[in-house]
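# Structure for this input, please:
(4 chains)
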There are 2 protein chains.
Amino acid sequence: MVLKHSRQRDSIKEFLMGRKDHPTASVVYDNVRRSFPNISLGTVYRNLTLLADIGEISRIHVGDGVDHFDADTSPHYHFICRECGCVRDLDMAGIDLDEMASRNFDGQIECHTVYFHGRCKDCCQNLHSIKA
Amino acid sequence: MVLKHSRQRDSIKEFLMGRKDHPTASVVYDNVRRSFPNISLGTVYRNLTLLADIGEISRIHVGDGVDHFDADTSPHYHFICRECGCVRDLDMAGIDLDEMASRNFDGQIECHTVYFHGRCKDCCQNLHSIKA
DNA sequence: TTCCTTGCAAATCGTTTGCATAATG
DNA sequence: CATTATGCAAACGATTTGCAAGGAA
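Got it, this is the predicted structure:
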């Protein structure tokens, strides 16, 4: 299976790289549609899956039942705000979770996924203000 | 909304407590059906959701697209075998992930979900044996 | 009797897929 | 030209929901 170039795929990847949050397929669809009004949701899904498979983006399971996608494939952690639902990156350099987990475990630990939950900076500040 | 007793709900919870793995709704359904042949999948889902909401069980998102349920609500971590798909518990006593994450983060971190991936003890041992 | 819970079936929602056509190399 | 990618719509699988009937307080 030789990969062929496609303007739609470029557009999807470019959109994803321009975002610091972690959009869902339908958010990608809504945005890419501005450049490709006829693009279909199916194409968006197909390309997101393809890009994730070849490692150019990563698919993240936030726990809200919808898949999110992240153009930043470097190892980092995610924070999910329980109030606004936003997904933010989190730096925990120098911490080797796999090693910590291996201490009391009999199998072979290869990697992990972590999600932190709480309230993001913005939602903390808006605590006493009127909701939009 | 006052909770009323139901034999189906008891059975669901009892089944879950007797398992060390983390069954999906349909596994629960298949098993509880032995005692309640007419129970419907809807009832199973309704009760699992209810039990999770009141904190008697917890819903875990393993990343395989299907929700799993765990009767052990004490804080612990999960390991998912990439070979057989089993979900096992993992002990990491004495490690405060939330505190570690808070060091470089501006919001308020309240909790986290972690999944470790790799190969479980059994799959490691079966490496060179013939697959069933 | 009140109102929560059930079983059933239909509805939802996110995602995948089959197919004929268009675009790429 | 050979093949991959697209748009569309239909198919899917997991979960939820509306409703009339059954069961608990």
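# where along chain A do the strands fall?
Counting by DSSP state E, chain A has strands at residues A:58-61, A:67-70, A:77-81, A:87-90, A:108-119.
# which secondary structure elements does the longest one contact?
If I follow you right, that is strand A:108-119. Packing partners of strand A:108-119 (3 or more Cβ pairs under 8 Å, 6 or more residues apart in numbering or on different chains; DSSP states H and E): strand A:77-81, helix A:97-102, helix B:97-102, strand B:108-119. The way it works is simple: take the backbone N, C-alpha and C, and place the C-beta from them, glycine included.
# With the fourth one instead?
Packing partners of strand A:87-90 (3+ Cβ pairs under 8 Å, 6+ apart): strand A:77-81.
# Contact partners for residue A:73?
A:55, A:56, A:57, A:58 (Cβ atoms under 8 Å, 6 or more residues apart in numbering or on different chains).
# For ChimeraX, what selects the buried ones among those residues?
Buried residues among these (16 or more other Cβ atoms under 10 Å in any protein chain shown), as a ChimeraX selection:
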select /A:57
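# Could you dump the contacts of residue A:73 into CSV and include pLDDT?
CSV is the format used below for these (pLDDT from 0 to 100):
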residue, pLDDT
A:55, 94
A:56, 96
A:57, 96
A:58, 93
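# near chain B, which residues of chain A show up?
Selection of chain A residues close to chain B by Cβ under 8 Å from any Cβ of the partner chain yields A:61, A:63, A:77, A:79, A:81-82, A:88, A:90-93, A:95, A:97-98, A:100-101, A:103-121, A:123-124.
# Distance to residue B:16 for the strands of chain A - can I get that in a markdown table?
What follows is those, written out as a markdown table (distance: least, Cβ to Cβ, whole Å):
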| stretch | distance to residue B:16 |
| --- | --- |
| strand A:58-61 | 22 |
| strand A:67-70 | 27 |
| strand A:77-81 | 26 |
| strand A:87-90 | 30 |
| strand A:108-119 | 23 |
